[in-house]
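Mind folding the following:
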Amino acid sequence: MRDAVLGIATSHGMQPSHIRDLLCALLFVSPDRSNWSEYPNIWGEVEMLAHRAEWWLIYDLLEEMAAWFTRRAPHERDAFHADVNEYFKEAGIGWQLTDGVVEVRGPEAFEAAVRGAVAALDAAGRTTARSEIHEALADLGRRPDPDLTGAVQHAMGALECVVRDATGDGKATLGALIQRNPGLLPKPLDGAVEKAWGYASERGRHVREGHAPDFEEAELLVGLAATIATYLTRKVASTT
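Residues are numbered from 1 along each chain as shown. Sure, this is the predicted structure:
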């Protein structure tokens with residue numbers, strides 16, 4: 001993967017010296033001033049630095065590369081993103097580069113749910129809920145260790161925000177809002193969402209020792225929250 005990242009970057013116009021600058025900044029080391037030719041000297045130094053770096057720093061490097069393309073070669077930025085993501089899929093790497101940020105990449109159903117939620121919330125002007133979804137994704141993709149409780153909190157926070165808007169009650173919790181508004185969600189889905197809220201409260205908000213969610217559970221809650229948020233946002237939009 002390290003070699004692939006370097007190869008993709010150079011194929012879109014980054015010189016070894018550009019990559020060396022980024023790597024040295026990430027690793028807090030000085031470049032070797034005796035290496036002055038792009039190939040083979042600086043390139044060899046870049047390969048050495050990349051293979052010495054901790055794995056999560058390579059993802060940081062990808063984000064720095066994306067920022068470099070935005071500043072220095074914007075015409076190559078989208079193609080760089082596309083090639084990185086194509087490689088990740090082919091290699092079975094569970095990450096993706098989205099708008100310059102490396103995020104966790106879930107199953108297709110999860111990706112569709114999240115993308116649909118972001119689009120629906122954007123269209124409805126619900127920026128707070130949209131931000132909560134993004135924070136949940138960021139927590140799932142946090143390096144070197146994901147913040148699973150944070151992902152659950154933000155996901156359910158997004159759903160709670162949408163439900164509050166839909167009901168006009170800006171103070172009650174999600175569980176209380178579902179109980180007070182029996183027609184908000186079709187049965188028995190309302191009960192399932194209420195139970196998911198209870199689960200999230202135990203595993204995400206008031207976590208106890210030994211009861212933290214695992215990755216699959218957190219991903220499930222994020223996908224569920226995104227799907228329900230999309231449904232409610234579209235439902236409200238169709239009745240107003």
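
What's the local residue count around R33?
6 (other Cβ atoms under 10 Å). All C-beta atoms are positioned from the backbone trio N, CA, C, and that covers glycine.

my bad, L61
24.

Tell me the pLDDT of it.
What the model reports for L61 is a pLDDT of 98.

what do you get for S238?
S238 is given a pLDDT of 77.

cool, P186 as well?
Looking at P186, the pLDDT reads 88.

Give me the distance between it and M156.
20 Å (Cβ to Cβ, to the nearest Å).

neighbour count winner among the two?
Neighbour count, other Cβ under 10 Å: between P186 and M156, M156 has more, with 27 against 8.

in this protein, which ranges drop under the pLDDT threshold?
Applying pLDDT under 70 to the chain flags residues 203-211, 240.

other SSEs contacting the top helix by length along it?
Longest helix in the chain by number of residues, with DSSP state H as the criterion: helix 215-239. Where contact means 3 or more Cβ pairs under 8 Å, 6 or more residues apart in numbering; DSSP states H and E, helix 215-239 is packed against helix 108-124, helix 127-140, helix 148-167, helix 189-200.

Is it possible to get the ones you listed out as JSON lines so that each row also shows distance to M65?
Output for the helices and strands packed on helix 215-239, formatted as JSON lines (distance: least, Cβ to Cβ, whole Å):
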{"stretch": "helix 108-124", "distance to M65": "23"}
{"stretch": "helix 127-140", "distance to M65": "19"}
{"stretch": "helix 148-167", "distance to M65": "26"}
{"stretch": "helix 189-200", "distance to M65": "36"}
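
most tightly surrounded among the ones you listed?
Comparing the helices and strands packed on helix 215-239 by mean neighbour count (mean count of other Cβ atoms under 10 Å), helix 148-167 ranks first with a mean of 23.

Are there helices or strands packed against it, and which ones?
In terms of contacts (3+ Cβ pairs under 8 Å, 6+ apart), helix 148-167 is packed against helix 108-124, helix 127-140, helix 174-180, helix 189-200, helix 215-239.

With distance to D147 as added columns, please give those in a markdown table.
Converted to a markdown table, the helices and strands packed on helix 148-167 look like this (distance: least, Cβ to Cβ, whole Å):
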| stretch | distance to D147 |
| --- | --- |
| helix 108-124 | 17 |
| helix 127-140 | 4 |
| helix 174-180 | 21 |
| helix 189-200 | 14 |
| helix 215-239 | 9 |
